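Q: fold the following.
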Amino acid sequence: GGTPISPSISLNGLRTRTLSENLSQISAPGRKIAYSSIKVKVGHQDIESDVQSISLVCQESKWLRPDANRAWSEEEALQFTSIMDDRDSDLKKQIEFIEEPINKVPGVWSLTK
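A: Next up is the predicted model:
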């Protein structure tokens, strides 16, 4: 972790599909940035790679926010949550929410069981 830039402002880090460096290495002058959460871009590769992308940043922040930008079908979103259920329960607990998981929602739809 690092020192917050301001105690009253939370920062959200972003891990894109092409970002290779560790987000914790990005620093403000003289100190590391403490991200309150990290948004991880998912949905533009296979589901297993999406899960791997999230696993790679789990040490960089307490909260993770996968963002599929409406790229998943309902089936893919459910596949993602199923893999997360079968994987690491600690990693799953870090997911604050999934942003824009699917494109079109006919009626009411939820990822909860």
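Q: how about residues contacting stretch 74-94?
A: Residues outside stretch 74-94 that contact it (C-beta atoms under 8 Å, 6 or more residues apart in numbering) are 42-43, 47-48, 50-51, 54-55, 58, 61-64, 66, 68, 72, 95, 98, 101-102, 109, 111. C-beta: built from backbone N, CA, C; applies to glycine.
Q: so for it, mean pLDDT?
A: Model confidence over stretch 74-94, given as mean pLDDT, is 86.
Q: buried ones in it?
A: When neighbours are counted by 16 or more other C-beta atoms under 10 Å, the buried residues of stretch 74-94 are found to be 76-81, 84, 94.
Q: and that stretch, C-alpha only, in CSV?
A: C-alpha atoms of stretch 74-94 as CSV (Å, rounded to 0.1, in the frame of the first residue of the first chain):
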residue,chain,number,x,y,z
GLU,A,74,-25.7,-13.7,-20.1
GLU,A,75,-24.1,-17.1,-20.5
GLU,A,76,-20.6,-15.7,-20.3
ALA,A,77,-21.4,-13.5,-17.3
LEU,A,78,-22.8,-16.6,-15.5
GLN,A,79,-19.7,-18.6,-16.6
PHE,A,80,-17.4,-15.9,-15.1
THR,A,81,-19.3,-16.0,-11.7
SER,A,82,-19.2,-19.8,-11.7
ILE,A,83,-15.5,-19.9,-12.3
MET,A,84,-15.0,-17.3,-9.5
ASP,A,85,-17.2,-19.4,-7.2
ASP,A,86,-15.0,-22.5,-7.9
ARG,A,87,-11.7,-20.6,-7.5
ASP,A,88,-10.5,-18.5,-4.7
SER,A,89,-13.1,-17.4,-2.2
ASP,A,90,-10.8,-14.6,-1.0
LEU,A,91,-10.5,-13.3,-4.5
LYS,A,92,-14.2,-13.4,-5.0
LYS,A,93,-14.7,-11.4,-1.7
GLN,A,94,-12.6,-8.6,-3.2
